[in-house]
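The following block contains a protein sequence and its predicted model.
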Amino acid sequence: MSLASWFLIILKTWSNIRARRVLRSLEAFWSSPTIDQALAALAAQDSEALLAPLARAAIEAARQPAGGGSPWSTPSDRLTRALRSAIQAATGRLESGLTLLASVGATAPFVGLLGTVWGIYHALLNIASSGSLSIDKVAGPVGEALIMTAFGLGVAIPAVLAYNSFARANRLVIAQIDGFAHDLHALLAEPAATTAAQAGTASR
């Protein structure tokens, strides 16, 4: 349990660092002269696959013919669905592993408590078998019980702190992803941008 939580903490820390780097690559996207070049610039720097799939899904939705899809589905609706699906996928990638950290943080103290109860139980058995209360009969089992308690807390505390830190970092990243999605919708929902996106498809 301890090794798994520490491995996940290190992995998520590195993932969050790379996610922040990806968010800084948005400037390259918006400064590109064409939509295709903007997507290529973003994909080249998006090692976490957070923004590039979202931009790609939005551009592909904007490139669909105006009469395509369901008769009650407008181009704006298709764009909204594509962005929502991409945001959900990015959110799932960001939040992967957090359930394990929350579970470790919640259960590790009880595992330590179980060890404490077990140690005290053995201490009482030693006292009962010896018929006298002496420090050597109590010190060993009680010491083991305290070690188990400390071990449980030592596993739970880092897991809880890491969970809270990652949850806050994810909220900030998701907020920026949402903002990027709104900007994309505002850009691609415009008729001129849709025409440019479709022209990019035709030129391939």
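Yes, it's here.

Quick one: the strands in the chain, in order.
With DSSP state E, there are no strands along the chain.

mind checking the longest helix of it?
As assigned by DSSP state H, the longest helix anywhere in the chain is helix 135-188.

That one - what's its average pLDDT?
Helix 135-188 carries an average pLDDT of 87.

and if you look at stretch 48-67?
On average, the pLDDT along stretch 48-67 is 85.

roughly how far apart are the closest residue to residue 152 other than its chain neighbours and residue 2?
Distance criterion C-beta to C-beta, 6 or more residues apart in numbering; nearest residue to residue 152, sequence neighbours excluded, is residue 112 at 1.9 Å. Every C-beta, even on glycine, is put in place using the N, C-alpha and C of the backbone. Applying C-beta to C-beta, to the nearest Å, the value for residue 112 to residue 2 is 11 Å.

And these two? Which one has more around it.
Taking other C-beta atoms under 10 Å, residue 112 and residue 2 do not tie; residue 112 has more neighbours (22 against 15).

my guess is the more buried one meets residue 147, correct?
No - contact criterion C-beta atoms under 8 Å: residue 112 and residue 147 do not qualify, at 9.1 Å.

which ones are touching the residue nearest to residue 152?
Neighbour list for residue 112: 148-153, 155-156 [criterion: C-beta atoms under 8 Å, 6 or more residues apart in numbering].

Please spell out the PyMOL selection for the buried subset of those residues.
Buried subset of these, written as a PyMOL selection, criterion 16 or more other C-beta atoms under 10 Å:
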select buried, resi 148+149+151+152+155+156
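
what do residue 112 and residue 2 both touch?
With C-beta under 8 Å, 6+ apart, residue 112 and residue 2 have common neighbours 151, 155.

which other helices and strands contact the longest helix of the chain?
Secondary-structure packing of helix 135-188 (3 or more C-beta pairs under 8 Å, 6 or more residues apart in numbering; DSSP states H and E): helix 2-24, helix 52-62, helix 75-95, helix 98-130, helix 191-202.

Can you tell me which of those helices is packed in deepest?
Of all the helices and strands packed on helix 135-188, helix 52-62 has the most neighbours on average by mean count of other C-beta atoms under 10 Å, namely a mean of 22.

Return the distance of that helix from the chain's centre.
Offset of helix 52-62 from its chain centre (C-alpha atoms, centre = their mean, to the nearest Å): 21 Å.
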